[in-house]
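Visitor: This is the structure alone, sequence omitted:
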C-alpha cells in the first residue's frame, strides 16, 4: 500500500497554547487528540474526542503561511457543496489565535486501499464518477476555469528539456520532445461546467464499508468531469496496478465523461503527459518547509505517470 502522507504535522501538545485554548472555547473540552499524518501540507490535521462524546475533525494553518488561502478556498467550496456530495459537513471556519481553522464532522473511516484486488477500488471509482451529477452546473461562484488554471502548472517537459541536466530515465530522455509536444494537447478539452475537486489522490479518499468520501476541497476548478476521473489512474498505478489494469478499472466512467465533454480518448494521453511532466519538474525542487518527503513522492508519481504515457503511446 502506498503512503498517504509526506508532511510532518504538529502534535496536539506542540500547538501554540492560545490555539488549543481557542479551539476548546469553540468546541468544548478536548479529551483526546489523534493527529492525522496523511496529506501534503504541514498544517494542523487532528481528530478530536470531546468531553461530551462528540468527535470533530479540525484542520488549520497559520494565517501567514503561503497555503492559508487554500484553506480559505476549501471552506468557501465545502459550504456550497450540495448535500448529495459525499464530503464531511463543515461546522464552522474562523481565525483562531492567528490560524485559519476549519472544523468538520468527523467522517471516520480509513484511507482508501487502492491496491489490486481491493474492494475499495470499485467503491472509489463509482463515487468519483458520480460527482458530476451533483456538481454540474458548478455550485460555487468564482472558481477558476480548468483550462486556464491547470495550464499554468500542469506541465514540465518543455522546461526540463531546456535544463543542462536531462532526466535520468532513459525512456523519458528518448521521448522528451514528444512529451513536451503532447503535454498541452488536452487543454482544449479541459473546460466545462462541473465543479472539479482537482486533487484526487489516496490521502483525500476515505472509505467506510461500501461508502467513499472525498475530503480536502482546497484546489477547486470549473471544468470537464473527465479530469477528476482520469486523476485516479496514476494513483492506481502508484498503488501497484499496471497501466493497462488501472485504465480498465476506470474505463467505463472515463468513457462516459469524455463523451459528455465531446472529447476523444486522445486528450487523456496529453493529460497523462502533462501530469508526468508536472511531477517530474516538481520533484527537482527543494523540499518545502515541513514536508520533507514530498519530492520523493513526486518522483515516484512521475514514474507512474510516465509508465501510463508509455502504455498509451507505445513509444519505445
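Guide: Arrived safely. Predicted, not measured: the structure shown is a model, and the values here were computed from it.

Visitor: Would you mind measuring from the nearest residue to residue 204 once chain neighbours are set aside to residue 242?
Guide: Among residues not flanking residue 204 along the chain, residue 216 sits closest, at 4.6 Å (CB to CB, 6 or more residues apart in numbering). In short, each C-beta sits where N, CA and C put it, glycine included. For residue 216, the distance to residue 242 (CB to CB, to the nearest Å) stands at 28 Å.

Visitor: If you count surrounding residues, which of those two has more?
Guide: More crowded of residue 216 and residue 242, by other CB atoms under 10 Å: residue 216, with 24 against 14.

Visitor: Pop out the phi and psi values for that one.
Guide: Per-residue torsions, residue 216: phi 70, psi 80 (degrees, to the nearest 10).

Visitor: for the one 3 residues further on, same thing?
Guide: With angles defined as degrees, to the nearest 10, residue 219 shows backbone torsions of phi -130, psi 50.

Visitor: got it, and the one 4 residues further on?
Guide: For residue 223, the backbone dihedrals are phi -170, psi -160 (criterion: degrees, to the nearest 10).

Visitor: Could you report the separation of the nearest residue to residue 221 once chain neighbours are set aside from residue 107?
Guide: Counting by CB to CB, 6+ apart, residue 146 is the residue found nearest to residue 221 once chain neighbours are left out, at 4.3 Å. Distance, residue 146 to residue 107, using CB to CB: 26 Å.

Visitor: In terms of packing, which of these two has more residues around it?
Guide: Counted by other CB under 10 Å, residue 146 and residue 107 do not tie: residue 146 has more neighbours, with 23 against 18.

Visitor: got a list of what the more buried one touches?
Guide: 190-192, 196, 221-224, 227 (CB atoms under 8 Å, 6 or more residues apart in numbering).

Visitor: Reformat those residues as TSV; add distance to residue 235 and secondary structure.
Guide: As requested, the contacts of residue 146 are exported to TSV (distance: CB to CB, whole Å; DSSP: H, G, I helix; E, B strand; the rest coil):
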residue	distance to residue 235	secondary structure
190	19	coil
191	24	coil
192	22	coil
196	16	strand
221	18	strand
222	22	strand
223	19	strand
224	19	coil
227	14	helix
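
Visitor: host element of residue 195?
Guide: Element membership for residue 195 (DSSP states H and E) is strand 194-196.

Visitor: quick one: strands adjacent to that strand?
Guide: Next to strand 194-196 in the sheet, as set by DSSP bridges, lie strand 221-223 (antiparallel).

Visitor: Mind pulling up the pLDDT for the residue nearest to residue 204?
Guide: Residue 216 is assigned a predicted lDDT (pLDDT) of 95.

Visitor: Can you tell me the number of residues neighbouring the nearest residue to residue 151 once chain neighbours are set aside?
Guide: Ranked by CB to CB, 6+ apart and with sequence neighbours excluded, the top spatial neighbour of residue 151 is residue 187, at 5.5 Å. Residues contacting residue 187 under the criterion other CB under 10 Å number 19.

Visitor: Can you tell me how far residue 187 is from residue 219?
Guide: For residue 187, the distance to residue 219 - CB to CB - is 17 Å.

Visitor: go on, residue 120?
Guide: Where residue 219 is concerned, residue 120 sits at a distance of 23 Å (CB to CB).

Visitor: All the helices of the stretch 151-300 of the chain, residue numbers only.
Guide: Along the stretch 151-300 of the chain, the segments classed as helices by DSSP state H, counting those that start in this stretch run 157-161, 170-174, 176-182, 226-230, 232-238, 243-261, 266-283, 294-313.

Visitor: could those helices go into TSV alongside distance to residue 142, mean neighbour count and mean pLDDT?
Guide: Shown next, in TSV, are these (distance: least, CB to CB, whole Å; neighbours: other CB atoms under 10 Å; pLDDT from 0 to 100):
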stretch	distance to residue 142	mean neighbour count	mean pLDDT
helix 157-161	30	18	96
helix 170-174	38	14	97
helix 176-182	32	18	97
helix 226-230	19	26	98
helix 232-238	27	25	98
helix 243-261	22	18	97
helix 266-283	25	23	97
helix 294-313	29	21	96
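
Visitor: okay if I get these as TSV plus distance to residue 151?
Guide: Formatted as TSV, the helices of the stretch 151-300 of the chain follow (distance: least, CB to CB, whole Å):
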stretch	distance to residue 151
helix 157-161	12
helix 170-174	22
helix 176-182	14
helix 226-230	13
helix 232-238	19
helix 243-261	17
helix 266-283	9
helix 294-313	17
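
Visitor: Select, out of the ones you listed, the one closest to residue 129.
Guide: helix 243-261 (3.5 Å; CB to CB).

Visitor: Extract the residue ranges of this protein that are flagged as low pLDDT.
Guide: Filtered on pLDDT under 70, the chain yields the residue ranges 1-8, 38-39.

Visitor: Now the residue most central in space within it. Nearest residue, chain neighbours left out?
Guide: Nearest residue to the geometric centre of the chain (CA atoms, centre = their mean): residue 199, 2.2 Å. Distances taken as CB to CB, 6+ apart place residue 219 nearest to residue 199, at 4.7 Å, with adjacent residues excluded.
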